[in-house]
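Participant: sequence and predicted structure are below.
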Amino acid sequence: MTKITIDPITRLEGHGKIEIFLNEEGDVENTYLQIPELRGFEQFCVGRPAEEMPRITNRICGVCPEAHHMAGTKALDALFQVEPSSAVKKIREMFYMAFYVTDHTTHFYALGGPDFVVGPEAPAAERNILGVIHKVGVEIGKQVIDTRIRNHHVIKVVGGRGVHPVAGIPGGWSKSISEEEREEFKEICQKNVDFALFSLKVFDDIVLANQAYVDLILADTFAHSTYYMGTVDENNHVNFYDGKIRVTDPEGKEFEKYEVKDYADHVAEHVEPWSYLKFPYLKNVGWNGFTDGMDSGVYCCTPLSRLNVSDGMATPKAQEAFEKFYETLGSKKVNGRYQPVHQRLATHWARLVELLYAAERMQELVDDPEITDPNVRPVVTNTPTEGVASVEAPRGTLTHHYWTDENGILTKVNLIVGTTNNNAPITMSVKKAAKTLITKGTVVTEGLLNKVEMAFRNYDPCMSCATHSLPGQMPLEITIRDAEGNEIERLSQYTENSCQ
Amino acid sequence: MSDKPKLAMYWAASCGGCEISVLNIGDKILVVDEVFDLAFFPCIADFKQSDVEGYPDGYIDVCLFNGAIRTSDNEEMAKLLRKKSKVLVAYGSCAYEGCIPALSNLTSKDATFKTVYLENESIDNPDGVVPLVETHVDEGTLTLPSFYNTVKSLDQVVDVDYYLPGCPPEPHQIWAVLEVVVNALLNGGPLPPAGSIVGAGNVAVCEECPLEKNVKTITRFYRPFEIQPEPGLCLLEQGLVCVGPATRAGCGALCPQVGMGCRGCYGPLDGVEDQGAKMLSAIASIVDVGEATEDEHVLDEKIGAVMDTLADPAGTFYRFSMAHSLLQRVKIDGNGDNGGKVK
């Protein structure tokens, strides 16, 4: 049997590689997504004071430390049974929206966008942020950099540091916002909304206006009919900071909706000996292997998933973008809800709808005078026992669960991290792309590389967290081996000079 | 490839924050792009291990290595990059001194596997499957790198030329270091002596902290949620743990300025081998010992009583420096588990 190794040196709790096995006929027999690293936070956090968790677990990911910081901080609220004041919630959510704006922007322009803006068939050397800038103009490139800079500024002012923030405490936030800071943030918010609208227009002009791209998005190669998961508010609108977890089935019907604290009744994690990363699935459906459909507990947890589980967006412009998204992709309304979009490449567009929501929501929060309330650091005296909380990380629902002794020293920790939710769906997407592209021993070399990569990249996997960067290509390598395991060909996406 | 100097950046057991810190130097990233050719940078470009293996020894002018040594893969890459690089920089706290991943040295591989794969709240693993270095599946064999019992810093597996501290390093410090390197490579400017810590100060964080100190003593420690600290005043003198006195300056005292104590991510000062021990002596000097006494035994008892109010000395004072400390790791009992506490 021939073995193909795709060895992206990428990120989740470390690196990742894909093994593709061909059968005697030369067709794909099976594929494996392996995560070859573990750091073991769930164990080494035991013995630490619980209140340190927001400052320790943000080191799980340096690209989305704000998500771990926030999930950890909210888990402390639950652990110490303290309800944050509405001002505290607003500060936290505003901080979190600034993070979403910078994170989604970076992904679209540096990572996911190049495939569409520059084109999936463009030379690899052009498919990067610099290529995007060539296509849309230097001015836009500056706007992208400015968006990163101004929102990281907000993160640093409000969270204490630009990377790995520190301000979250049980029931509170260690830093209040001054009127001067609020004035400055108002300008930033307006720029963010304008930039999000502009980004949707770029998508319109470059992607939607090009039938070939639309066909690619709608192609079956990148479609999977799975369950979806996301956090919704009391109106079943998308929410990143707080709410209930809603799961819809592959036909779009609500399968279950539950309080975050009950997550373990709904989600279980499967273990395979060939990967350090676990495979979460819906407990009430069951693990049925890496398969699509109603009988498979595999679920997806991405911007596309969040739109699919919700009834709409909580802000006006984002709601318009939401409706356009479903109408354009041919989704019909059933019982007042759009049918789910299963085409995974539409995730890039969904991400821009979310970008606009984050920008609008941040503006609402900054416009609220309560956000400068100086009383944001309560004294907490309750005895801690156990606490669960979650947020929507850009890459999926992020759950932190802590148990402590009566002194608040951790005795047990469970973490289900954003991308981990998507471990099984990513494996399936890669397999499907590989099956479509490799038949009867014919390996579509460049096409395979980029399309397998596209299958992978739309999830914005945290394995590629740091590919949120210049020029933002997911590194991939395929080694083709014969039946004895000898290397017969090695394909790499880049030549030596390609990243210049 | 052109004759520009070759730059590499690699991550071992890390979080990606070091890569983000490089991006956060803003538009100066374009200067980096102009001056250097990238030779290996898995975060942004697809040079593979095989490319690096093919380079002549010393081909890479500067390699910024971040992340701790957690697996056999990490160690192999460290050795390869050492061989291929003229200048190897331990970039960020993980490579320099183990950082957060090295808190794992308070426990063991067995205990970690048990917690992560066998005994978790949401685990479904009736057959007790744990990841294996080699797995035979129907189609063939799949391999994983081995997971070490002890997390090591970069200089515990290869020689290191410079250390750039911080979790992650602050952008202005990164740029300051890159400027020196660029000047050396392009204009023959001087490089700091080998083994130097670069991109940081050589005074304590307290020296750059604007919070006011009044040489106050303390009788106990408070957890961050137990009191509302007085704004503008030193947190340690109010009983909130702050590792600033034992930590090298360079960050600009960011955490204390938002009311949260330093946790020591820039590592120890020059001449201090053990950051935790240094912090213990700093605490001894601010403990209220009442009447002056010559009796060391009484003194120790009083300091001990204050220390007892500290929640997790090992995990706090060695939060970032465990792998590099004199402690390095705790002894593991028969079950490979010590409850995360120092014995």
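Facilitator: Now that the structure is in, tell me what you want to look at. Every value quoted in this text rests on a predicted model; they were computed, and no experiment measured them.
Participant: what separates A:S429 from chain B, distance-wise?
Facilitator: 19 Å (CB to the nearest CB, to the nearest Å). C-betas here are computed from N, CA, C, even on glycine.
Participant: mind checking the pLDDT average for the host helix or strand of that residue?
Facilitator: Here A:S429 sits within helix A:423-437, counting by DSSP states H and E. Confidence over helix A:423-437 (mean pLDDT, whole number) is 86.
Participant: cool, and stretch B:86-102?
Facilitator: For stretch B:86-102, the mean per-residue pLDDT is 96.
Participant: what sits closest to B:D288 if chain neighbours are left out?
Facilitator: Residue nearest to B:D288 in three dimensions, not counting chain neighbours: B:T217, with 3.8 Å by CB to CB, 6 or more residues apart in numbering or on different chains.
Participant: and A:A78, by the same measure?
Facilitator: Nearest non-adjacent residue to A:A78 (CB to CB, 6+ apart): A:G387, at 3.3 Å.
Participant: am I right that that neighbour falls within a strand?
Facilitator: Yes: counting by DSSP: H, G, I helix; E, B strand; the rest coil, A:G387 is located in a strand.
Participant: now do the same contact list for it.
Facilitator: Applying CB atoms under 8 Å, 6 or more residues apart in numbering or on different chains to A:G387 gives the contacts A:50, A:75-80, A:401-402.
Participant: show me what it bridges to in the sheet.
Facilitator: A:G387 has these beta-bridge partners by DSSP bridges: A:Y402.
Participant: closest one of the contacts of A:G387 to A:N239?
Facilitator: Nearest to A:N239 among these, counting by CB to CB, is A:D77 at 16.2 Å.
Participant: can you give the contact residues for stretch B:187-206?
Facilitator: With CB under 8 Å, 6+ apart as the test, stretch B:187-206 has contacts from B:87, B:89, B:160-166, B:169, B:173-174, B:176-177, B:180-181, B:183-184, B:207-208, B:213, B:234, B:243-251, B:253, B:256, B:262, B:266-267, B:269-270.
Participant: sorry, slip of the keys, the one I care about is stretch A:357-375.
Facilitator: A:85-87, A:90-91, A:93-94, A:97-98, A:100-101, A:104, A:176-179, A:182, A:185-186, A:189-190, A:192-193, A:195-196, A:238, A:240, A:313-318.
Participant: ends of it, how far apart?
Facilitator: Stretch A:357-375 has an end-to-end distance of 28 Å (CA to CA, to the nearest Å).
Participant: quick one, what contacts the residue nearest to B:D288?
Facilitator: B:237, B:286-289.
Participant: of all those residues, which two lie farthest apart?
Facilitator: Top of the distance list for the contacts of B:T217 (CB to CB): B:E237 and B:V289, 15.3 Å.
Participant: now stretch A:316-324: how far from the chain's centre is it?
Facilitator: In terms of CA atoms, centre = their mean, to the nearest Å, the gap separating the centre of stretch A:316-324 from the centre of its chain is 20 Å.
Participant: restricting to C-alpha, output that stretch in PDB.
Facilitator: Extracted in PDB, the C-alpha atoms of stretch A:316-324 (Å, rounded to 0.1, in the frame of the first residue of the first chain):
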ATOM      1  CA  PRO A 316     -28.400  45.400  12.200                       C
ATOM      2  CA  LYS A 317     -25.700  45.500   9.500                       C
ATOM      3  CA  ALA A 318     -24.500  42.000  10.400                       C
ATOM      4  CA  GLN A 319     -28.100  40.700  10.200                       C
ATOM      5  CA  GLU A 320     -28.300  42.100   6.600                       C
ATOM      6  CA  ALA A 321     -25.000  40.400   5.800                       C
ATOM      7  CA  PHE A 322     -26.400  37.200   7.400                       C
ATOM      8  CA  GLU A 323     -29.500  37.200   5.200                       C
ATOM      9  CA  LYS A 324     -27.500  37.900   2.100                       C
END
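Participant: list the buried residues in that stretch.
Facilitator: Neighbour-count burial for stretch A:316-324 flags A:317-319, A:321-322 (criterion: 16 or more other CB atoms under 10 Å in any protein chain shown).
Participant: how near is the residue nearest to A:A78 to chain B?
Facilitator: Taking CB to the nearest CB, one finds A:G387 at 12 Å from chain B.
Participant: would you mind measuring from that residue to A:Q81?
Facilitator: Applying CB to CB, to the nearest Å, the value for A:G387 to A:Q81 is 8 Å.
Participant: what sits against residue 287?
Facilitator: Assuming you mean chain A. A:268, A:270, A:279, A:281, A:297, B:124.
Participant: nope, chain B please
Facilitator: Contacts of B:V287 (CB under 8 Å, 6+ apart): B:217-219, B:302-303, B:306.
Participant: output those in CSV; the columns should cover pLDDT and distance to B:S14.
Facilitator: Below are the contacts of B:V287 laid out as CSV (pLDDT from 0 to 100; distance: CB to CB, whole Å):
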residue, pLDDT, distance to B:S14
B:T217, 90, 39
B:I218, 93, 36
B:T219, 92, 40
B:K302, 83, 41
B:I303, 83, 36
B:V306, 88, 36
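Participant: scan the residues you listed and report the most crowded one.
Facilitator: Counting neighbours by other CB atoms under 10 Å in any protein chain shown, B:V306 leads these with 20 neighbours.
Participant: that residue and B:G290, how far apart?
Facilitator: The value you get for B:V306 to B:G290, if CB to CB is used, is 12 Å.
Participant: tell me the pLDDT at the residue nearest to A:A78?
Facilitator: pLDDT, A:G387: 98.
Participant: repeat for A:L22
Facilitator: For A:L22, pLDDT reads 81.
Participant: I figured it hits A:E29, correct?
Facilitator: Yes: A:L22 lies in contact with A:E29 (CB atoms under 8 Å); the separation is 6.2 Å.
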